[in-house]
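**Student:** Pasting a predicted model and its sequence here:
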Amino acid sequence: MIFKILIVDDEIHVTESLRILFSEQTDLETELYTANTTADALAVLETSRIDLLLTDIRMPGGTGLDLLKCVSERWPLCQTVMLTGYSDFDSAYEAFRFKAAGFVLKAESDEVLMRTIRAVLAQIEVRLNQDQLLLQMKPSTVSDEGLWKLIYANVPKRPELLERLGFQKPYQGMALCLSSHCDDEGAKLGVLIRHYLEPQLKNVARCVFRGGSQVIWLLQMKDAAVSMTALSGMLETVQNSYRSTTEQEVSFALGEATTENLPLVLEKLRQALIEPGEEPASIVLPDQPTTQPGCMENTVKYIMEYVQTHIGEDVTLSALAAATGYNADYLARIFRHVSGETIGQHVARCRLEVIMRMMNDERLTLDDIAQQTGFASRSYFNRFVKNATGFTPKALRLSVAR
C-alpha cells in the first residue's frame with residue numbers, strides 16, 4: 001500500500017528534515033506532501049486523499065488542532081500524529097479528544113518518531129484487512145437496470161429516471177465510474193464504496209455493463225464541487241480494501257457526469273479502463289492530460305531512465321507520477337511488480353552509484369557531489385552516505401582513492 005502523508009509545520013527546516021527522514025525509510029512506500037501554513041495544508045486536504053497527517057500543534061494563522069478537525073470531516077479514515085516543541089498537556093488532551101492517533105515531542109529522537117509512525121501505519125493496514133467483516137453484511141447497493149436505461153434515455157427523460165433511482169435535485173456533484181470485472185456484479189465492492197465514501201456520498205446506483213462483466217456506478221456527492229482527483233483518492237482506499245479482503249484487483253475509470261453527457265462519458269471510460277491482469281489495478285481519469293509512456297514494462301524502463309537523467313532533481317514518487325501521468329499508487333505497484341524493488345530503494349541505489357563515480361573526480365568537492373545528486377543539505381548527504389556505506393563521505397573518498 002502507498003501511504004499518503006501530509007507533513008505540516010511553520011518551520012521549513014522541520015518539514016524538510018521530516019521529508020528526508022521518510023525518504024530514508026526505503027521499505028515504506030509513501031507519497032509525501034509538505035505545507036508550512038494551515039492554509040496550504042487545507043488546500044492539500046481539499047484535493048488529495050491523506051492517510052496520515054503529521055502536524056505541529058501551534059502555528060501562526062491556525063493550529064494543528066484546526067487541521068485535525070478538518071481532516072476528521074474531509075478524510076475521516078485519516079490518522080493524525082501531533083508534534084510539539086514542548087509538553088503541552090492541554091493541547092494533548094484536545095488532540096486525543098479529536099481522536100489523534102499519537103502525540104510526539106519534537107525533542108524525541110527520529111527512532112521514537114518513526115516507531116510511532118510505523119505503529120499508526122500498521123493500524124491502517126490492519127483496518128483494511130478487517131474489512132472482511134463488512135463484506136458479510138447485506139449489500140448496500142442493488143444492481144439496478146434503471147441505471148442502464150437512464151444512461152441511454154433521451155435527455156429530457158433523464159431527470160425523471162434519476163429521481164426513480166433515488167438521486168436528489170439539483171443533479172450536481174455526479175460522477176460516472178466504471179469498474180473492472182467483479183464475480184458478484186459489484187456487490188462486495190458496493191459495500192466498500194458505501195463505507196469509505198459515506199461522509200461525502202449522497203447516493204449511488206450500479207448495474208452490470210450489458211454484454212460484459214464490468215460494473216457501472218453513478219455517484220452523487222454531497223459536495224457538488226468535489227474534484228475527480230479527490231474522488232479518485234477516495235476510491236484508492238476502496239481499491240486497497242478490496243485487494244486486502246478479496247485478494248482480487250479492481251480498476252476504476254472515473255469521469256464527471258451530468259444529465260446530458262452520460263453516454264459520452266461511459267464510452268470514454270470503456271476506452272480508458274485498464275483491466276487488471278498482468279498489470280496491477282489502476283484508477284484512470286480519461287480527461288486528465290497524460291504522458292503515459294506505454295505498457296507496464298516500458299513505463300518502468302521510462303522511470304529508471306528518468307531517475308538516471310534527473311538524479312539531481314526531484315525524483316520522489318509524486319514527481320515521477322507527474323512525469324508519467326500515472327496515479328502514484330498504481331505507478332509504485334507496477335514498478336515493484338516489474339523490478340522487484342520499491343521506487344525509493346531504486347532511487348537510493350542510483351544515487352549511491354552516481355556518488356561512487358563522482359568520488360573519483362578530484363575536481364568535484366563533496367558539496368558539489370551532494371548538490372548534483374539531489375541532496376537539499378550537506379547533513380542529509382552525510383547521513384545518506386554513512387547509512388549506505390558505513391563511511392563518512394570523507395572516509396569514503398579516501399577509500400575509493402586507494
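**Tutor:** Alright, I've got the coordinates.
**Student:** residues contacting Phe167?
**Tutor:** When contacts are counted by CB atoms under 8 Å, 6 or more residues apart in numbering, Phe167 touches 174, 202-203, 205, 218, 220. The C-beta positions use only the backbone N, C-alpha and C, and glycine is treated the same way.
**Student:** do that again at 6 Å, thanks
**Tutor:** 203, 220 (CB atoms under 6 Å, 6 or more residues apart in numbering).
**Student:** what about the strands in the protein?
**Tutor:** Ranges of strands within the chain are 3-8, 30-35, 52-56, 58-59, 62-63, 79-84, 102-105, 174-179, 201-208, 215-221, 252-257, 283-284, based on DSSP state E.
**Student:** Save those strands as CSV, and put in distance to Asp361, mean neighbour count and mean pLDDT too.
**Tutor:** As requested, the strands of the chain are exported to CSV (distance: least, CB to CB, whole Å; neighbours: other CB atoms under 10 Å; pLDDT from 0 to 100):
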stretch, distance to Asp361, mean neighbour count, mean pLDDT
strand 3-8, 35, 24, 92
strand 30-35, 31, 21, 88
strand 52-56, 38, 25, 90
strand 58-59, 43, 18, 78
strand 62-63, 48, 18, 78
strand 79-84, 40, 23, 86
strand 102-105, 42, 17, 80
strand 174-179, 53, 24, 93
strand 201-208, 58, 20, 89
strand 215-221, 56, 23, 93
strand 252-257, 48, 23, 91
strand 283-284, 44, 24, 76
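**Student:** Output the ones you listed in TSV; the columns should cover distance to Leu273.
**Tutor:** Shown next, in TSV, are those (distance: least, CB to CB, whole Å):
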stretch	distance to Leu273
strand 3-8	23
strand 30-35	23
strand 52-56	30
strand 58-59	43
strand 62-63	41
strand 79-84	31
strand 102-105	39
strand 174-179	5
strand 201-208	14
strand 215-221	11
strand 252-257	4
strand 283-284	6
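**Student:** between the ones you listed, which one is nearest to Tyr330?
**Tutor:** strand 283-284 (6.7 Å; CB to CB).
**Student:** what helices or strands is that closest one leaning on?
**Tutor:** With contacts defined as 3 or more CB pairs under 6 Å, 6 or more residues apart in numbering; DSSP states H and E, strand 283-284 has no helix or strand neighbours.
**Student:** Which residue ranges of the stretch 151-300 of the chain form helices?
**Tutor:** Taking DSSP state H, counting those that start in this stretch, the helices of the stretch 151-300 of the chain run over residues 158-164, 187-197, 228-246, 262-272, 296-309.
**Student:** okay if I get the ones you listed as JSON lines plus mean neighbour count, distance to Arg210 and mean pLDDT?
**Tutor:** Shown next, in JSON lines, are the helices of the stretch 151-300 of the chain (neighbours: other CB atoms under 10 Å; distance: least, CB to CB, whole Å; pLDDT from 0 to 100):
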{"stretch": "helix 158-164", "mean neighbour count": "16", "distance to Arg210": "16", "mean pLDDT": "92"}
{"stretch": "helix 187-197", "mean neighbour count": "22", "distance to Arg210": "18", "mean pLDDT": "87"}
{"stretch": "helix 228-246", "mean neighbour count": "21", "distance to Arg210": "23", "mean pLDDT": "86"}
{"stretch": "helix 262-272", "mean neighbour count": "17", "distance to Arg210": "11", "mean pLDDT": "90"}
{"stretch": "helix 296-309", "mean neighbour count": "16", "distance to Arg210": "30", "mean pLDDT": "91"}
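**Student:** now those helices in a markdown table, with distance to Met358?
**Tutor:** What follows is the helices of the stretch 151-300 of the chain, written out as a markdown table (distance: least, CB to CB, whole Å):
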| stretch | distance to Met358 |
| --- | --- |
| helix 158-164 | 63 |
| helix 187-197 | 47 |
| helix 228-246 | 38 |
| helix 262-272 | 43 |
| helix 296-309 | 14 |
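**Student:** out of the ones you listed, nearest to Glu29?
**Tutor:** helix 228-246 (11.9 Å).
**Student:** now the angle from that closest one to helix 187-197?
**Tutor:** 130 degrees (axes from the mean of the first three to the mean of the last three CA atoms, to 10 degrees).
**Student:** I'd like to know which of the helices of the stretch 151-300 of the chain is closest to Leu42.
**Tutor:** Taking the helices of the stretch 151-300 of the chain one by one with CB to CB, helix 228-246 is closest: 12.9 Å.
**Student:** Send me the closest one as PDB with only the CA atoms.
**Tutor:** Taking Å, rounded to 0.1, in the frame of the first residue of the first chain, the C-alpha atoms of helix 228-246 are listed here in PDB:
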ATOM      1  CA  MET A 228     -12.400  14.000  -9.800                       C
ATOM      2  CA  THR A 229      -8.900  13.900  -8.300                       C
ATOM      3  CA  ALA A 230     -10.200  14.000  -4.800                       C
ATOM      4  CA  LEU A 231     -12.800  11.300  -5.600                       C
ATOM      5  CA  SER A 232     -10.100   9.100  -7.200                       C
ATOM      6  CA  GLY A 233      -8.200   9.400  -3.800                       C
ATOM      7  CA  MET A 234     -11.300   8.100  -2.000                       C
ATOM      8  CA  LEU A 235     -11.600   5.200  -4.500                       C
ATOM      9  CA  GLU A 236      -7.900   4.300  -3.800                       C
ATOM     10  CA  THR A 237      -8.900   3.400  -0.300                       C
ATOM     11  CA  VAL A 238     -11.700   1.200  -1.700                       C
ATOM     12  CA  GLN A 239      -9.300  -0.400  -4.000                       C
ATOM     13  CA  ASN A 240      -6.800  -1.100  -1.200                       C
ATOM     14  CA  SER A 241      -9.500  -2.600   1.000                       C
ATOM     15  CA  TYR A 242     -10.900  -4.700  -1.900                       C
ATOM     16  CA  ARG A 243      -7.400  -6.100  -2.500                       C
ATOM     17  CA  SER A 244      -6.900  -6.900   1.200                       C
ATOM     18  CA  THR A 245     -10.200  -8.600   1.700                       C
ATOM     19  CA  THR A 246     -10.900 -10.500  -1.500                       C
END
